[in-house]
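**Q** Have a look at this prediction, sequence included:
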Amino acid sequence: MDTFALSHLELIAKGGAEKESWQAVADAINMALVLSEIFGLSDQSGSALEAAHAAMVSLRDRKRSGLSLVAKASELDAIRVALDIASQLQEMCTRAHLRKAHDAIVRKVLKKKKPAIPCL
């Protein structure tokens, strides 16, 4: 797994994450969602990535409600699996793949469609 994302996930697990950590994890999940589509792997990895997306949205919603921001074990597991998938997908990438994924994310964010996870 990407050590950068893993270090941010550890901060989230401890409940002491800042905006940068949330954004780093959300970015990795968003990239993985798009890369899985590019490589035609949505069927295999889609449910795991969607579970991580749902976990991030749940955490964001709890924060907005003023509730505890400490992630549940199931949420952390889902995010950890998604970060592992993200790492594997990025190892398969060329610069052209990454550029295509980045452009797709920007288009989806501008249209306010998934996979964009608003930062906490």
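**A** Right, received. Where do you want to start?
**Q** Report the buried residues of stretch 35-48.
**A** Leu35, Ser36, Glu37, Ile38, Leu41, Ser42, Ser45, Ala48 (16 or more other Cβ atoms under 10 Å). For glycine as for every other residue, the C-beta is placed from the backbone atoms N, C-alpha and C.
**Q** Please narrow these to those residing in helices.
**A** Cross-referencing the buried residues of stretch 35-48 against helices under DSSP state H gives Leu35, Ser36, Glu37, Ile38, Ser42, Ser45, Ala48.
**Q** can you put the buried residues of stretch 35-48 in TSV and add distance to Ala54 and pLDDT?
**A** Converted to TSV, the buried residues of stretch 35-48 look like this (distance: Cβ to Cβ, whole Å; pLDDT from 0 to 100):
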residue	distance to Ala54	pLDDT
Leu35	19	91
Ser36	16	92
Glu37	18	90
Ile38	22	90
Leu41	19	88
Ser42	16	81
Ser45	15	86
Ala48	11	93
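**Q** May I have stretch 86-100 as CSV, with CA atoms only?
**A** Provided in CSV are the C-alpha atoms of stretch 86-100 (Å, rounded to 0.1, in the frame of the first residue of the first chain):
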residue,chain,number,x,y,z
ALA,A,86,-5.6,2.2,-5.5
SER,A,87,-2.0,1.4,-5.0
GLN,A,88,-2.2,-1.7,-7.3
LEU,A,89,-4.0,0.3,-10.0
GLN,A,90,-1.5,3.1,-9.9
GLU,A,91,1.3,0.6,-10.4
MET,A,92,-0.4,-0.4,-13.6
CYS,A,93,-0.6,3.1,-14.9
THR,A,94,1.3,5.1,-17.4
ARG,A,95,1.4,8.9,-17.4
ALA,A,96,-1.3,8.8,-20.0
HIS,A,97,-3.6,6.7,-17.8
LEU,A,98,-3.0,9.1,-14.9
ARG,A,99,-3.7,12.1,-17.1
LYS,A,100,-6.9,10.5,-18.4
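**Q** so where's this protein uncertain?
**A** Applying pLDDT under 70 to the chain picks out residues 1-2, 112-120.
**Q** Give me the residue at the spatial middle of the protein.
**A** Ile29 (2.1 Å; Cα atoms, centre = their mean).
**Q** Good, we can wrap up now.
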